[in-house]
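Student: just need the structure, nothing else, for what follows:
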Amino acid sequence: MDIPDIAITLLKVVITVNVVLLHVAYAVWCERKVIGHMQARLGPMVVGPHGLLQPIADFVKLFFKEDVIPTNADKPVFFIAPVIGVIAALSSLAVIPLWENFSIANLNIGILYILALSSVGAYGIILAGWASNSKYAFLGGLRSSAQVISYEIAMGLSLVGVMMLAGSANLSDIVNAQAKYPFILVQPIAFFVFLMSVIAETNRPPFDLPEAEAELVAGYFSEYSGMRFGLFFMAEYAAMFVMSAMVVVCFLGGWNGPEFWIFSHVPKIVWFLLKVYGLMFLYFWLRATLPRYRYDQLMGIGWKIFIPLALANIVITGIIKLL
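Tutor: Residues are numbered from 1 along each chain as shown. Prediction:
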């Protein structure tokens, strides 16, 4: 790779990471406003017009807040755990094609890369729970490890049908294969399994058992404060953006929009982001609507329903391809 190519790649990295971090900051604001209105409240209103500067105020508060470290914590692991989660989430952006011919790295194994990094992100949660030397944090870490094992399998299997139809694990190729119709029309079972697995994978309600405040105080990050606490939030919301983008790329046609003349001049990045925002809204809606599952129910759904459904979808897709 020559110097101009390196410069272009670095520019893509800077643009993508900064745009996503801005989205992450205001995703928290949007969630608080959406859930507030769903519960007949106003949400943030004090800092800036309609609370628009609240994310900046939160960042400043967390940055200057005292960093409390438990006396008996495993300090090196305690320090590195939140960083692992953030790096894994942001590194996943490298293969996401935000619009046509724009991705940091156009890998032929893009799906496997995303699945691998989502597993690495779980290590940050597990290590945080173990290093904190707290029973609540430790239980949260154990729950996360079991949850990731269960739902990673279902999530990976649900994407096999997509790869069979597209004939590739390259995310750009998968989007191009949906030029005529999105795969959600021919892979509804896979879409459902993948969407539910993604919600569980990102520890979002109603599957947020690793941080269930009614049982575990705050779960795996109970002992964290200051900016390290903020890093866990950053990792979670960045992972939500990445996984929403994966749903859009694999099932909703990526940057492809309707073919009608009235929509033909809309930029492709707009179609992509509108779909991602719709899925982010779904995250908020579920949090405001559904109660948390019991842990045995969560594991039972993963092993008894989602994995068999994903396997059945592979068989059905294979038969249809052969016929």
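Student: please make it C-alpha for all contacts and neighbour counts, starting now.
Tutor: Noted.
Student: so who does Phe251 touch?
Tutor: 162, 182-184, 187, 191 (CA atoms under 8 Å, 6 or more residues apart in numbering).
Student: which of these lies closest to Val24?
Tutor: Distance to Val24 across those (CA to CA) is lowest for Phe191, with 24.1 Å.
Student: and the helix or strand harbouring the closest one, what's buried?
Tutor: In the assignment (DSSP states H and E), Phe191 maps to helix 188-201. Using 16 or more other CA atoms under 10 Å as the test for burial, helix 188-201 gives 189-201.
Student: can you redo the contacts of Phe251 as TSV with pLDDT?
Tutor: Below are these laid out as TSV (pLDDT from 0 to 100):
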residue	pLDDT
Val162	91
Pro182	88
Phe183	90
Ile184	92
Gln187	91
Phe191	94
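Student: Arg294 - how many residues pack around it?
Tutor: When neighbours are counted by other CA atoms under 10 Å, Arg294 registers 13.
Student: skipping its backbone neighbours, what lies nearest it in space?
Tutor: With CA to CA, 6 or more residues apart in numbering as the criterion, Arg294 has its nearest non-adjacent residue at 7.8 Å, and that residue is Leu209.
Student: what about the stretch 201-323 of the chain, any weak spots by pLDDT?
Tutor: Low-confidence segments of the stretch 201-323 of the chain, defined by pLDDT under 70: 210, 212-218, 260-264.
Student: how far does stretch 195-209 sit from its chain's centre?
Tutor: Here stretch 195-209 is found 9 Å from its chain centre; the criterion is CA atoms, centre = their mean, to the nearest Å.
Student: show me the contact partners of that stretch.
Tutor: Here stretch 195-209 has contacts from 118, 140, 143-144, 147-148, 151-152, 154-155, 210-211, 236, 239-240, 243, 247, 283, 286-287, 290-295, 298, using CA under 8 Å, 6+ apart.
Student: are any of the residues you listed buried, and which?
Tutor: 118, 140, 143-144, 147-148, 151-152, 154-155, 210-211, 236, 239-240, 243, 247, 283, 287, 292, 298.
Student: who's in contact with Gly156?
Tutor: Leu115.
Student: mind listing what's buried along the one helix or strand Val120 maps to?
Tutor: Val120 belongs to helix 110-131 when assigned by DSSP H and E. The neighbour-count check on helix 110-131 (16+ other CA under 10 Å) flags 110-111, 113-114, 117-131 as buried.
Student: generate a ChimeraX selection restricted to the buried subset of the contacts of Phe251.
Tutor: Here is the ChimeraX command that selects the buried residues among the contacts of Phe251 (16+ other CA under 10 Å):
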select :162,182,183,184,187,191
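Student: from the contacts of Phe251, which is closest to Leu42?
Tutor: When the contacts of Phe251 are ranked by distance to Leu42 (CA to CA), Phe191 comes first, at 33.5 Å.
Student: tell me the contacts of the residue nearest to the closest one when sequence neighbours are not counted?
Tutor: Closest residue to Phe191 apart from its sequence neighbours, by CA to CA, 6+ apart: Ile184 at 6.1 Å. Ile184 sits next to 191, 251-252 when contact means CA under 8 Å, 6+ apart.
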